[in-house]
Each structure stands twice: as C-alpha cells, then as structure tokens.
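Q: whatever this is, show me its structure:
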Amino acid sequence: MTTTPESRRVLVIDNDADLADVVRAILEDEGHLVEVLGEATHDVVARKVGQFEPDCVLLDGNSPGAYGSSWTEAAYLATRPRSIPVVMFSAHMSAVREVEEGTSQRASDARFAAVIAKPFELEDLLDAIAKASNRAVPFDRSPRGDTRRTKELRKRLVARGANDVRTSERREWATFKQGDPEAVWQIYWWQSTGVYLLGRYRPEDGVLEAKGHFLERDAALDAAFGKPTS
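A: Below is the predicted model of the structure:
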C-alpha cells in the first residue's frame, strides 16, 4: 500500500533552522504535513515519532564533524514496531559515501530509504521523500487501529502473567493485576504527547500512584512487572 502526497507525514530533523524552514516550505507546498525537530537526541526523537507517526523522517547528523548518533536513531526508526523509513540528509560526504557504498555495519543497520547530500536539488529531495514514504505502512488513526493496538497490549500483558486484564474498545488502555492480588495497575497510550502513562492504585486507599511516563510500551511493562521478557 502506498500513501498519497496529501497523506504523507514528514518529520524533518535538522539543527540548521534556516535550512529546515526551506525544507518545510518545499514539502508543505507539495502537500505534505511537516513537523520539524532541531535535535536528534533519542528521547526527543522517540517522543515526537510516537506522537506524530510520520511516514518518513529526513534525518540530519547531530555532530558538527560527523553524522554522529543519527546512525543509531536511523537504526531505531527502522526496527521499531511500526518501522519508519529514513532519508539521510547530510553535508558530511564521508557519511554519504559510506551509505552509498554500503561499507559498514552501521550503514546496513540504518536501512536508509534514500540519501540526500547537502546542498541538495529540489527534485532530488521530493523524489527521495516520495520513495521513502511509499515504503511506510500508513499509521491507522481510526478506531479500528486503536482496537488492534489494544489487542496487542492485552496479548503482551497476558504473556507477562497479568490477570483480570480489562481493556478499552476506544483507546489503547488497560487495567490489570499482577503480583499483589489487590493492587490494580493501569496503562494508557497518550498519543498527543507520545508516551505511555503507567500507574498503580494503592490497595489500602485506592489512590493512584504514578509510576512514570515511558516512550516504549515494553519499557512501561518492564516497570510494572520488574523484569523484561521476550
């Protein structure tokens, strides 16, 4: 399945604000919905991606002299549950050649959909965004999509040993018990901010204790159950 230009969501990650403005203008004129980030630190990227669910990411390097940890971010985006195609966007020619020649493990792990060297040609940018976006599985924002994600949440909870699992038919939400048979836990995906909210109701008085905000579902479940599982 491919997306239409009007439905494509593009996340531009570039610390050059002037250049990012130009790219936003170009992509919005093409009919894309665009968000811009000025940094590529993992927490910022993961939160924005979870919130926005783009169809592709245009990813600049985050180091003055190299592509830096953007290699790692590209690999993360390629392997998250809903993979996001990434376009390398870089003025570092050594990084560009590394991807084009496929000379390293990190280049393989990043799975770039395309490479755009700076300075760029407008047609090359638009072609790369179209190529990358067409590889994406569109994010299902319908009630049916929420239902499917909630079913997956229930499946993961049961696999962890949760009992009395109760879920919503409208949102990614669940209450469950585990360990202390009287304590009720709850988890909710807060789409507009890109985090899971985890809490536990104290059995003695029913007060909700917040257990944290988590960028990944399994990280929230690790916090609830105290250990990771496969």
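
Q: at the geometric centre of the protein, which residue do we find?
A: Nearest to the geometric centre of the chain sits Val49, at 3.5 Å (CA atoms, centre = their mean).

Q: residues of the host helix or strand of it that come out buried?
A: According to DSSP states H and E, Val49 maps onto helix 42-52. For helix 42-52, a neighbour-count test (16 or more other CB atoms under 10 Å) marks 45-52 as buried. Quick note: C-beta positions are derived from backbone N, CA and C, even for glycine.

Q: what score does the nearest residue to Phe139 once chain neighbours are set aside have for pLDDT?
A: Distance criterion CB to CB, 6 or more residues apart in numbering; nearest residue to Phe139, sequence neighbours excluded, is Glu53 at 3.9 Å. pLDDT, Glu53: 95.

Q: same check on Pro228?
A: The model reports Pro228 with a pLDDT of 58.

Q: Gly102 contacts Ser108, correct?
A: Yes. If you go by CB atoms under 8 Å, Gly102 and Ser108 touch, sitting 6.6 Å apart.

Q: name whatever forms a beta bridge with the spatially closest residue to Trp173 that is not a sequence neighbour.
A: If the residues on either side of it in the chain are set aside, Trp173 comes closest to Tyr188, at 4.8 Å by CB to CB, 6+ apart. Beta bridges link Tyr188 to Trp173, Leu197 when assigned by DSSP bridges.

Q: wait, doesn't Tyr188 sit right on Glu172?
A: Yes. Here Tyr188 reaches Glu172: they are 7.0 Å apart, a contact under CB under 8 Å.
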